[in-house]
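Student: sequence unknown, structure follows:
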């Protein structure tokens, strides 16, 4: 039976103001401290956040960046990947993953994804390896971990390092362990809408390798370990002090917020179980952080219009897979090369999910979906 809900109350796709209200005093105090210290680029708040986030990931080192894209770029530099090299990755994710490969002059080599998780399909990876392959770059898409054990085994067999793109997976777990330390390094984004989001841009590179961490710190600050002495060509990729302060506050709440996201997801599972939608499926090895709750339907675009007409926020992640993007036309891929990714791009729709979402709001979303389906 369809639950009785308010038939007109809008449900936002994302409610960042609700989150801010819950921690406003802590945030105000942290930002005020940063302003008083005038520590605007890196500084003590960033350093403290780096220590805390490394501990959260059970990692040796965390290096803060101005974005997750920058962190991915530096990951490629640390592995000495460059022109003529290839990196195996997924065509179904945000373009920043492939940007990092392109920024160093290398070529992204795509492999199709699993239908259930939308993540890189380990069964297809080995056949994509060539003498020019230098790394494997999976994405923990939508907060669900990629299947890391077989990918690591392939990497070990062929001497290929693995870099985790964990931009959407803060706190997600693979076989009971938080993602981020399975490969040579991992990269996180703190874009405001992420599970752990800054109040602006931000990112991090996490690793257990001391040499990688030291060089990452140098590269993010103009290739310098001593001011005005530059050991190599570097970048201005520093995290702002205010973002470090904000992230330090929000990190303390991340475990609670992750539990709440999982609560919302489980409620959607219950309410939508009897519909023809394909719902997210959590693999046996995974504990998803549910950055997104993505359903599938052949009439996705019509469903989106119906939700929006009923004041329900929703979004598309991602309507055009990377191998079919204009920017990568030169790679020579064509429609049909990665059928699972292409079908997902046609059918996927992201529903509202955030820790502050009430059961009434969840029921309203489900009710409006059922109006469309039935």
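Tutor: That came through, no problem. Predicted model, so just to flag it, every value in this text is computed and none were measured. Numbers count the residues shown, from 1 in each chain.
Student: show me where the stretch 151-300 of the chain has strands.
Tutor: If you assign secondary structure with DSSP state E, counting those that start in this stretch, the strands in the stretch 151-300 of the chain sit at 163-165, 173-174, 177-178, 185-189, 203-207, 224-226, 229-230, 286-287, 293-296.
Student: show me what the lowest-mean-pLDDT helix or strand in the chain is packed against.
Tutor: Least confident helix or strand of the chain, by mean pLDDT, DSSP states H and E, is strand 224-226 with a mean of 92. Contacts defined by 3 or more CB pairs under 8 Å, 6 or more residues apart in numbering; DSSP states H and E place strand 224-226 against helix 210-220. All C-beta spots, glycine's among them, are computed from the backbone N, C-alpha and C.
Student: buried residues in the least confident helix or strand of the chain?
Tutor: Buried residues in strand 224-226, defined by neighbour count with 16 or more other CB atoms under 10 Å: residue 224.
Student: name every strand pairing with that strand and say which way it goes.
Tutor: strand 229-230 (antiparallel) (DSSP bridges).
Student: average model confidence for the strand it pairs with?
Tutor: The average pLDDT for strand 229-230 rounds to 95.
Student: off-centre distance for it?
Tutor: Its chain's C-alpha centre and that of strand 229-230 lie 33 Å apart, by CA atoms, centre = their mean, to the nearest Å.
Student: which residues touch that strand?
Tutor: Applying CB atoms under 8 Å, 6 or more residues apart in numbering, the contact partners of strand 229-230 are 222-224.
Student: just the helices in the stretch 151-300 of the chain please.
Tutor: Per DSSP state H, counting those that start in this stretch, the stretch 151-300 of the chain carries helices over the ranges 210-220, 241-251, 254-272, 300-309.
Student: now do the contacts for residue 116.
Tutor: For residue 116, the contacting residues are 281, 283, by CB under 8 Å, 6+ apart.
Student: any chance of the backbone angles for it?
Tutor: Here is the backbone geometry of residue 116 (degrees, to the nearest 10): phi -80, psi -40.
Student: residue 315 versus that one, what's the distance?
Tutor: Distance of residue 116 to residue 315, computed by CB to CB, to the nearest Å: 21 Å.
Student: now do residue 181
Tutor: Following CB to CB, the distance that separates residue 181 from residue 315 is 30 Å.
Student: same check on residue 42?
Tutor: According to CB to CB, residue 42 and residue 315 sit 33 Å apart.
Student: again, but for residue 224
Tutor: 40 Å.
Student: do residue 10 as well
Tutor: Noted for residue 10: a distance of 15 Å to residue 315, by CB to CB.
Student: show residues contacting the biggest helix by length in the chain.
Tutor: As assigned by DSSP state H, the longest helix anywhere in the chain is helix 16-37. Defining contact as CB under 8 Å, 6+ apart, one finds that helix 16-37 is touched by 40, 43-45, 192-193, 197, 199, 241-242, 244-246, 248-250, 253, 257, 354-356.
Student: can we see that at 7 Å?
Tutor: 43-45, 192, 241-242, 245-246, 248-250, 253, 355-356 (CB atoms under 7 Å, 6 or more residues apart in numbering).
Student: just the buried positions in it, please.
Tutor: Residues 19, 26-27, 30-31, 34 are the ones in helix 16-37 that count as buried (16+ other CB under 10 Å).
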